[in-house]
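*Asks:* Quick one: sequence and predicted model below, then my questions.
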2 protein chains.
Amino acid sequence: MKSKQRILGIDPGYGRIGYGVIEGDRNAWVHVAHGCIETNTKADFAERLVELKQDLLAILKKYQPDKAGIEQLFFAKNVTTGMKVSEARGVILLTLHEAGIAVQEVTPLQMKQAIVGYGRAEKAQLQEMIRIQLLLKKRPTPDDAADALGVALTAGLLMKR
Amino acid sequence: MKSKQRILGIDPGYGRIGYGVIEGDRNAWVHVAHGCIETNTKADFAERLVELKQDLLAILKKYQPDKAGIEQLFFAKNVTTGMKVSEARGVILLTLHEAGIAVQEVTPLQMKQAIVGYGRAEKAQLQEMIRIQLLLKKRPTPDDAADALGVALTAGLLMKR
């Protein structure tokens, strides 16, 4: 096993999907990249799923992660949106598994506990701790990409067990 | 355009996925096949999504449908199950779209109205009308496969508009 692991974190969605890539070992991680996949709002939903898969494959090719973390969904206030996000999440799981990448599911609670040490931490605290742990000058933006970095950090910690 | 269309109907799920294939034109359809895809209950969820995709591709290859219908989900009583079914449904939509097959979404209400002519029809009435319309000797089983035939019939009617 390589001593350094590269981990891709994903904040799932169908319109905007956050991703974050970190590299490191044990508890010392460095930032590699972060950003968002955005799918065409004018396209059919099934077409957007294909777009998401292709963009994700491009990210896998570019950053060659060893493992991935993906945020677990909780019940959405808007049921229709929740179902669409789940449909997109299924496509993400499929694409990662087909690429041979082990996937760690991460709950928001696990993320807050792992990064802030406190399960009820606020979003701003979480983002500040992500900034500090990854030695970034500014808090990463947008929120989806910051979340994805948090997912990657948490997946890195959970996978060590 | 061919005068006869072959339509694949799908009742989405992740453990058992019903499918039904019909062929015809306008309002006269004949039964081609029906059955279920079942995924390995002992496998990881992501692995089951890959299995679902591969089995669906085998069905597309075998029956060569022109179009597909897929049942629209409504809010599940069990949220975790509902999210998993949505994740599987995303994989089905992706696979159909990548295969170049137009997809018609079908609600349970549309299905009952199209097949029984009454939106509050019971499951047994629906299955009996599916049997009659497709000239089957017995009601198709299991329920998931019967539902899938109903989805195919409804998609056939809705696509004509």
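*Replies:* Ah, there it is.

*Asks:* Residue A:64 and residue A:8, how far apart?
*Replies:* 9 Å (CB to CB, to the nearest Å). For every residue, glycine as well, the C-beta is placed using N, CA and C.

*Asks:* Same drill for those two, tell me which one is more crowded.
*Replies:* Taking neighbours as other CB atoms under 10 Å in any protein chain shown, residue A:64 and residue A:8 compare with residue A:8 leading, 28 against 11.

*Asks:* so the more buried one is in which element?
*Replies:* Following DSSP states H and E, one finds residue A:8 within strand A:5-11.

*Asks:* elements contacting that strand?
*Replies:* The contact analysis (3 or more CB pairs under 8 Å, 6 or more residues apart in numbering or on different chains; DSSP states H and E) places strand A:5-11 against strand A:16-25, helix A:45-63, strand A:67-71, helix A:143-160.

*Asks:* Would you give the sheet partners of that strand, along with the direction of each?
*Replies:* Sheet pairing for strand A:5-11, assigned by DSSP bridges, gives strand A:16-25 (antiparallel), strand A:67-71 (parallel).

*Asks:* who in chain A is up against chain B?
*Replies:* A:44-47, A:49-50, A:53, A:73, A:75, A:79, A:82-84, A:86-91, A:93-94, A:96-98, A:103 (CB under 8 Å from any CB of the partner chain).

*Asks:* Need the pLDDT of the closest residue to residue A:123 other than its chain neighbours.
*Replies:* Spatial nearest neighbour of residue A:123, excluding adjacent residues (CB to CB, 6 or more residues apart in numbering or on different chains): residue A:143 at 7.4 Å. With respect to pLDDT, residue A:143 scores 94.

*Asks:* so residue A:143 makes contact with residue A:130?
*Replies:* No - the pair residue A:143 / residue A:130 is not scored as a contact, 11.2 Å apart, by CB atoms under 8 Å.

*Asks:* the more surrounded of these two?
*Replies:* residue A:130 (26 against 15).

*Asks:* Check which residues of stretch A:112-123 are buried.
*Replies:* For stretch A:112-123, a neighbour-count test (16 or more other CB atoms under 10 Å in any protein chain shown) marks A:112, A:113, A:114, A:115, A:116, A:121 as buried.

*Asks:* And for stretch A:81-88?
*Replies:* A:82, A:83, A:84, A:85, A:86, A:87, A:88.

*Asks:* which SS class is the fifth one?
*Replies:* To tie it back to what came earlier, the one meant is residue A:86. Secondary structure assignment for residue A:86 (DSSP: H, G, I helix; E, B strand; the rest coil): helix.

*Asks:* are any of the residues of chain A next to chain B buried, and which?
*Replies:* Neighbour-count burial (16+ other CB under 10 Å) applied to those gives A:45-46, A:49-50, A:53, A:73, A:82-84, A:86-91, A:93-94, A:96-97, A:103.

*Asks:* I'd like to know how far the closest residue to residue A:4 other than its chain neighbours sits from residue A:106.
*Replies:* Spatially, and ignoring its direct neighbours in sequence, residue A:4 is nearest to residue A:25 (5.3 Å; CB to CB, 6+ apart). According to CB to CB, residue A:25 stands 19 Å off from residue A:106.

*Asks:* Who has more neighbours out of these two?
*Replies:* Higher neighbour count among residue A:25 and residue A:106: residue A:106, with 25 against 12, using other CB under 10 Å.

*Asks:* got the contact list for that one?
*Replies:* Applying CB atoms under 8 Å, 6 or more residues apart in numbering or on different chains to residue A:106 gives the contacts A:9, A:69, A:70, A:71, A:72, A:151, A:154, A:155, A:158.

*Asks:* so which of the residues you listed comes closest to residue A:59?
*Replies:* residue A:9 (11.3 Å; CB to CB).

*Asks:* and the buried residues of stretch A:112-123, which of them are in helices?
*Replies:* Under the assignment DSSP state H, the buried residues of stretch A:112-123 contribute A:112, A:113, A:114, A:115 to helices.

*Asks:* Nearest to residue A:30 among those residues?
*Replies:* residue A:115 (15.4 Å).

*Asks:* For the closest one, give me its contacts.
*Replies:* Contacts of residue A:115 (CB under 8 Å, 6+ apart): A:121, A:126, A:129, A:130, A:133, A:150, A:153, A:154.
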